[in-house]
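[1] One predicted model, sequence on top.
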Amino acid sequence: MKVTKAQAQANRAHVVETASTLFRERGYDGVGVADLMAAAGFTHGGFYKHFRSKTDLMAESAACGIAQTIALTASVDPSEFVQHYLSREHRDNRATGCTMAALGGDAARQPEAVRATFAAGIDSLLAALRPTGASPDDAEAVQARAKSLDILAHVVGAIVMSRACPDDSPLADEFLAACRDSILASLTPPVSPCATACTPVRKRGTD
């Protein structure tokens with residue numbers, strides 16, 4: 001039976017989603033094309049009907065995974081994002097977690113097409129975190145982008161270091177807790193001393 005164009009597109013999207021999950025779980029070098037296609041429910045030979053190379057699929061699946069992170073991030077405030085990102089649940093579920101944390105180290109060793117996808121995805125995430133209505137060139141937006149860059153580097157690094165430790169290691173949890181507390185504290189506006197100490201004092205005889 002001939003596969004329709006719509007079905008072919010759906011099959012391709014399914015392979016990309018399957019690859020996104022498997023690559024996050026096992027790394028780019030830990031998944032072969034044959035295993036990947038079998039996991040998606042297709043034959044090895046069908047791969048080249050959709051993709052020119054494994055590198056093309058790596059780039060496309062990275063974009064897919066990062067888009068999932070952006071979609072989740074857009075619906076929460078920075079504090080919620082940090083609390084979820086630096087949770088044990090995220091740390092332990094690499095296959096469904098952030099692509100940047102799961103594959104950032106692998107991506108650094110891959111062809112430019114893969115690294116360019118990561119860079120574009122990170123820029124898109126930073127844009128999603130930009131305050132509503134702010135121009136990218138506003139001084140406030142530039143400062144907000146720098147803050148978002150700092151938070152993103154901090155949370156990704158914390159997950160990578162935590163995952164490098166044994167699952168039952170106290171150090172794995174220490175990384176998450178220490179970085180989570182530090183970032184959340186930086187997101188809390190400082191209380192001005194004048195808010196509590198600088199109350200007006202009336203002079204006698206002025207009433």
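    Sure, I can see it. Numbering: from 1, shown residues only.

[2] list the helices and strands the longest helix seen in the chain packs on?
    The residue-count maximum for a helix in the chain (DSSP state H) belongs to helix 139-164. Taking 3 or more Cβ pairs under 8 Å, 6 or more residues apart in numbering; DSSP states H and E as contact, the helices and strands that helix 139-164 lies on are helix 78-85, helix 88-92, helix 99-107, helix 112-128, helix 170-187. (Each C-beta comes from the backbone N, C-alpha and C, glycine too.)

[3] Need the winner for burial among these.
    Per residue and on average, the most neighbours among those fall to helix 99-107, with a mean of 20 (mean count of other Cβ atoms under 10 Å).

[4] Can you name the residues in contact with that helix?
    The contact list for helix 99-107, computed with Cβ atoms under 8 Å, 6 or more residues apart in numbering, reads 20, 23-25, 27-29, 62, 65-66, 68-69, 94-95, 114-115, 118, 121-122, 152, 155-156, 159-160, 163.

[5] Then stretch 13-26?
    Here stretch 13-26 makes contact (Cβ under 8 Å, 6+ apart) with 31, 35-37, 39-42, 47, 50-51, 57-58, 60-62, 64-65, 68, 94-97, 99, 102-103.

[6] among the residues you listed, which ones are buried?
    31, 36-37, 40, 42, 47, 50-51, 57-58, 60-62, 64-65, 94, 97, 99, 102-103 (16 or more other Cβ atoms under 10 Å).

[7] Of those residues, which belong to helices?
    For these, the ones inside helices are 36-37, 40, 57-58, 60-62, 64-65, 99, 102-103, with DSSP H as the criterion.
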